[in-house]
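A.B. asks: Need a 3D model of the sequence below.
(one chain, ligands or ions: 1)
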Amino acid sequence: MTTAFLWDERCFWHSGGNYAFTAPVGGLVQPLAAGGLPESPETKRRLKNLMDVTGLIAEVDAHTAPPADEEALLRVHPAEYLRRFRKLSDAGGGELGLRTPFGRGGYEIAALSAGLAVEALDCVLTGRARNAYALSRPPGHHCLPDWPNGFCLLSNIAIAVEAALANGAAERIAVVDWDVHHGNGTEAVFYERPEVLTISMHQERNYPTNTGDFADRGRGAGEGFNMNVPLPAGSGHRTYLNVWDRLVRPALDRFRPDAIVIACGFDAAAIDPLGRMLATVDTFRQLTRRAMEAADDLCGGRLVLVHEGGYSELYVPFCGHAVIAELAGSAIDAPDPLAAQLAERQPGPRFEAMMDATLDEMAAALSPGR
Ligand SMILES: [Zn+2]
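C.D. replies: Residues are numbered from 1 along each chain as shown. Predicted coordinates:
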């Protein structure tokens, strides 16, 4: 049994609009010499390149997938949103939400990105792969059913989860989001649903600035099936692993999913321009190992990672390579070029003691019977 790796060159052709980093060009904002929005194709293309160079690509089952079809998209997104998106895409592109520009054909590329996530989950649920990684672009976890934001045009993971629930391949799915930003879109889709556990660990008040509170636990039938773990800027390797061990893993144990899906962003890495955290390549490797252990213990190893954010062209490829090598059980290593520097920059004992106390409080508040 192999690791499926879903990718498609066309996902790298999604083009943003006229931005200088996150500011619209115009007035006194001069266009940047290289690139616009930080969500550029390069972070993802360079991950695939690195896999080609090291040979890891030969140890996974790399293939593409059809775009998510309209039936799949309609389970998450209203017909009116899809109609407006397709129309503007056909007309040359534009923008329908906040910081989510797209060019001509953006609709088809977004549907393809969602399709990679659908196929990744289907591969795992039908036993065609042991686990899977979808290099989806554009990303998905911020997109609300009718409002794109944060570079996300379709809710990739929600579309994949709904497809799996609809075809009876799974009854309960857990989504764990370790992107540095809050997974507000995935949360919104499943907020009142007990069959999908959504968990997001993120830098507090980074993006969006008004969602992701610890107190937001779901509503109605979904009460208790959403967990947010907002973390202060500067959280590092040790905190991320502690969050998994003390909060995420117990929640997964209680939920007993049929499959685990990870919203896999690499923007909690120490040199990311859109996060202020201190995770390293090894952090993502260890998180992946823990996710695999949880999947082995709870759901026959059924684990899918879907690529979300991560904006360092240098560092994302090394983070992704470590994660995919771990999934595939490969001995091929692409050593972290910043390992020594970043090891010296982890938080000190005062910060770690504060985080231990914070996580203790959260764990106590979440413990059964409270
Ligand atoms: Zn992010």
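
A.B. asks: which outside residues touch the helix or strand where residue 185 lies?
C.D. replies: For residue 185, the enclosing helix or strand under DSSP states H and E is helix 184-190. Residues from elsewhere that reach helix 184-190, judged by CB atoms under 8 Å, 6 or more residues apart in numbering: 76, 140-145, 149, 152, 155, 157-158, 161-162, 175, 177, 196, 198, 200, 208, 211-212, 216, 222, 225-226, 228, 263. To be clear about C-beta, it is placed using only N, CA and C from the backbone, and glycine gets the same treatment.

A.B. asks: how about 6 Å then?
C.D. replies: For helix 184-190, contacts defined as CB atoms under 6 Å, 6 or more residues apart in numbering pick out 76, 141-144, 155, 157-158, 175, 196, 198, 208, 211, 226.

A.B. asks: hey, C-alpha coordinates of that helix in PDB?
C.D. replies: This file holds the C-alpha atoms of helix 184-190, laid out as PDB (Å, rounded to 0.1, in the frame of the first residue of the first chain):
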ATOM      1  CA  ASN A 184     -12.900  29.500   9.600                       C
ATOM      2  CA  GLY A 185     -14.400  28.100   6.400                       C
ATOM      3  CA  THR A 186     -14.200  24.400   7.400                       C
ATOM      4  CA  GLU A 187     -15.500  25.400  10.800                       C
ATOM      5  CA  ALA A 188     -18.500  27.300   9.400                       C
ATOM      6  CA  VAL A 189     -19.500  24.400   7.000                       C
ATOM      7  CA  PHE A 190     -19.600  21.900   9.900                       C
END
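
A.B. asks: where does the residue nearest to residue 203 when sequence neighbours are not counted land in three-state SS?
C.D. replies: Beyond its immediate neighbours in the sequence, the residue positioned closest to residue 203 (CB to CB, 6 or more residues apart in numbering) is residue 180, lying 5.0 Å away. Assigned by DSSP: H, G, I helix; E, B strand; the rest coil, the conformation of residue 180 is coil.

A.B. asks: Next: residue 314.
C.D. replies: Using three-state DSSP, the secondary structure recorded for residue 314 is coil.

A.B. asks: ok, now residue 357?
C.D. replies: Once three-state DSSP is applied, residue 357 turns out helix.

A.B. asks: what's the answer for the one 5 residues further on, then?
C.D. replies: Taking three-state DSSP as the rule, one finds residue 362 in the helix state.

A.B. asks: By mean pLDDT, point me to the weakest helix or strand of this structure.
C.D. replies: The weakest-scoring helix or strand in the chain, judged by mean pLDDT, DSSP states H and E, is strand 19-20 (a mean of 77).

A.B. asks: For the residue nearest in space to the middle of the chain, which non-adjacent residue is closest in space?
C.D. replies: To find the centre residue of the chain, average its C-alpha atoms and take the closest one (CA atoms, centre = their mean): that gives residue 263, at 2.6 Å. Residue nearest to residue 263 in three dimensions, not counting chain neighbours: residue 177, with 3.6 Å by CB to CB, 6+ apart.

A.B. asks: Neighbours of that neighbour, how many?
C.D. replies: Neighbourhood size, residue 177 [other CB atoms under 10 Å]: 29.

A.B. asks: Show me where the protein has its strands.
C.D. replies: Taking DSSP state E as the criterion, the chain contains strands spanning 3-6, 19-20, 23-24, 61-63, 93-94, 102-103, 131-134, 173-177, 196-203, 226-231, 259-264, 303-307.

A.B. asks: Out of the ones you listed, flag the one nearest the ion.
C.D. replies: For the strands of the chain, proximity to the ion was assessed by CB to the ion; strand 196-203 is nearest, at 8.0 Å.

A.B. asks: now what about the closest one, what contacts it?
C.D. replies: For strand 196-203, contacts defined as CB under 6 Å, 6+ apart pick out 161, 173-178, 180-183, 186-187, 190, 212, 225-229, 231, 233, 243, 248, 255, 275, 277.

A.B. asks: Looking at the stretch 101-250 of the chain, which residue is nearest the ion?
C.D. replies: Among the residues of the stretch 101-250 of the chain, residue 181 lies closest to the ion, at 3.6 Å counting by CB to the ion.

A.B. asks: which stretches of the chain have low pLDDT?
C.D. replies: Applying pLDDT under 70 to the chain flags the ranges 33-35, 369-370.

A.B. asks: contacting residues for the residue in it positioned nearest to the ion?
C.D. replies: Among all residues of the chain, residue 309 sits closest to the ion, at 2.7 Å; criterion: CB to the ion. Taking CB under 6 Å, 6+ apart, we find residue 309 in contact with 139, 179, 265, 267.

A.B. asks: If we check the ion, which of those are in contact?
C.D. replies: Contacts with the ion within the contacts of residue 309, counted by CB under 5 Å from the ion: 179, 265, 267.
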